[in-house]
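> The sequence isn't on hand, but the structure is:
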């Protein structure tokens, strides 16, 4: 396995030249806007899947103006673990959450003192804000009390300001949070809903003014307002973390988007998500901030697009990759990733190198020239050279995958090993007991078999052993050093 210095971005002349180029061109660090869609599939974007039944002109424009990473992976096939990994540069299975997701009343997951993308950028002089779905727990009690301030809250993790909802759009309590508290008492309630397909949310307490169908618009208005406000102080760069609530269930597209796709309600809601991206891009242009803003658009995991959805609509939300959200197969964790930074990222670039959303922390650290401390981002790789098109070799040689049920896999080059049988997620069968003389896991060669149909586990025991040993090594230590 080739040896690369994954974190020493200030130790090489090549990366030093990148920093010099950035400083000369901008005379200031760029604004950074990170838009994290919720359950958006790799194949929803026609820049990845030309046969997509969902028009997403703004995503396509972003891809044409920047770079498209076609082999980007979320650190988990479900929500909470990905959000933890993206913000901290650390796999969530190193925490108390070994599988599944948090719920609306769960305590905070991010450890006290752990560096996040927001806290790193705040140290570098950025104004920092988050708007959208948090889903990383609130407070330190076993059950969050929404009548009192929360600590820890998002503002304890590097955000100067945060406005959003506690968890997923289908999880109670249904209320907005601002900084360290709920904005309203949950004195109302909802019986929930589970019909038609995708229009699902659980019963539970709700704030009187809360309306599920308005949440994405409310969040977008807050984010746009923040971008406009920051234009008044251009001397200070800003970071906006904008985790959306769609197209996760409930699928509730606004009236202007109904019927805009050929993929039903899901497709229409996804068109609305693309419109949110477009509003951000237009606001940057209108306020004169587009030229010095790095815009990233990605997703927390694959789409919740089931076999019956594929049978009903001529649309492959996860492309031709096998499986869906929650699964260990590619459809569960291969996600869209587009980035635009005018004058720095070449327009229309496509990168096929392996990458992971945990790489955000080290990459952002490289942008601001701030070395990561030894106790931060142990699963984060600096992808700035890949973003800028200056990398001489792949930044990563491998990546660990994780399913909803805590099922591990590893990808190295074209080989992928899953340490078990079944999907480990939503697709049946979730798990399979090995036959006495059968394979105990799944080994696929993705170049020859991108659909993960031919299990080569018993044909290549030497590859199985090597990759299984790598998984064990990475589980015991970070990529770059023992913990």
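Looks like it arrived, so ask away. Model, not experiment: these values are computed from the prediction. Numbers count the residues shown, from 1 in each chain.

> Now do the buried residues in stretch 229-247.
230-231, 237-247 (16 or more other C-beta atoms under 10 Å). Yep, even glycine has a C-beta here, placed from its N, CA and C like the rest.

> Now do residue 397, the pLDDT please.
On the pLDDT scale, residue 397 is placed at 93.

> likewise the one 3 residues further on?
Per-residue pLDDT puts residue 400 at 98.

> Contacts only, for it.
75, 91, 379, 408-410, 471, 474 (C-beta atoms under 8 Å, 6 or more residues apart in numbering).

> ditto for residue 367
22, 29-30, 32, 294, 384.

> Kindly indicate which of the residues you listed lies nearest residue 186.
Among the contacts of residue 367, residue 32 lies closest to residue 186 (C-beta to C-beta), at 33.5 Å.

> roughly how far apart are the closest one and residue 74?
19 Å (C-beta to C-beta, to the nearest Å).

> again, but for residue 370
Separation of residue 370 from residue 74 (C-beta to C-beta): 25 Å.

> Looking at those two, which is more packed in?
Each of residue 370 and residue 74 has its neighbours counted (other C-beta atoms under 10 Å); residue 74 has more, 29 against 15.

> what number of residues lie near residue 218?
Residue 218 has 18 nearby residues by other C-beta under 10 Å.

> tell me, how many neighbours does the residue lying closest to it once chain neighbours are set aside end up with?
Closest residue to residue 218 apart from its sequence neighbours, by C-beta to C-beta, 6 or more residues apart in numbering: residue 176 at 7.5 Å. Residue 176: 18 surrounding residues under other C-beta under 10 Å.

> Go through the buried residues of stretch 229-247 and name the one nearest residue 130.
Taking C-beta to C-beta as the measure, residue 130 sits nearest to residue 241 out of these, at 4.2 Å.

> And what about the closest one, helix, strand or coil?
Classification of residue 241 using DSSP: H, G, I helix; E, B strand; the rest coil returns strand.

> ok, now residue 223?
Following three-state DSSP, we place residue 223 in the helix state.

> Pull the number of nearby residues for the residue lying closest to residue 194 once chain neighbours are set aside.
Once flanking residues are discounted, residue 194 sits nearest to residue 200: 4.9 Å by C-beta to C-beta, 6+ apart. Using other C-beta under 10 Å, residue 200 has 17 neighbouring residues.

> Torsion angles phi and psi at residue 200?
Torsion angles at residue 200 (phi, psi; degrees, to the nearest 10) stand at phi -130, psi 130.

> for residue 378, same thing?
Dihedral pair for residue 378: phi -70, psi -10, per degrees, to the nearest 10.

> I'd guessed it sits against residue 89; true?
Yes - shown here, residue 378 and residue 89 form a contact pair, counting by C-beta atoms under 8 Å, at 7.2 Å.

> hang on, the earlier thing: what's the farthest-apart pair in the buried residues of stretch 229-247?
Maximum pairwise distance among the buried residues of stretch 229-247 (C-beta to C-beta): 30.2 Å, between 237 and 247.

> State the distance from the spatially closest residue to residue 102 that is not a sequence neighbour to residue 362.
Nearest-residue entry for residue 102: residue 80, 4.7 Å, with adjacent residues in sequence omitted and distances by C-beta to C-beta, 6+ apart. Distance, residue 80 to residue 362, using C-beta to C-beta: 21 Å.

> same check, this time on residue 446
25 Å.

> Which of the two has more residues huddled nearby?
More neighbours surround residue 362 than the other of residue 446 and residue 362, with 26 against 16 (other C-beta under 10 Å).

> Now do the more buried one, the pLDDT please.
97.

> Domain boundaries for this structure, per the record?
What the record gives for the chain is the domain set 13-396, 401-476, from automatic domain parsing.

> Deepest-packed of the ones you listed, please.
domain 13-396 (a mean of 21; mean count of other C-beta atoms under 10 Å).

> was I right about residue 267 contacting residue 314?
No - applying C-beta under 8 Å as the test, residue 267 and residue 314 come out as separate, 10.8 Å apart.

> what's the overlap in contacts for those two?
residue 53.

> distance of residue 355 from residue 340?
16 Å.

> Need the three-state assignment for residue 339.
Residue 339 ends up strand, using three-state DSSP.

> ok so, going back, return the residues in contact with the residue nearest to residue 218.
163-165, 182-184, 207, 210, 218.

> show me the contacts for the residue nearest to residue 147 when sequence neighbours are not counted.
Spatial nearest neighbour of residue 147, excluding adjacent residues (C-beta to C-beta, 6+ apart): residue 185 at 6.8 Å. The contact partners of residue 185, by C-beta under 8 Å, 6+ apart, come to 146-147, 207.
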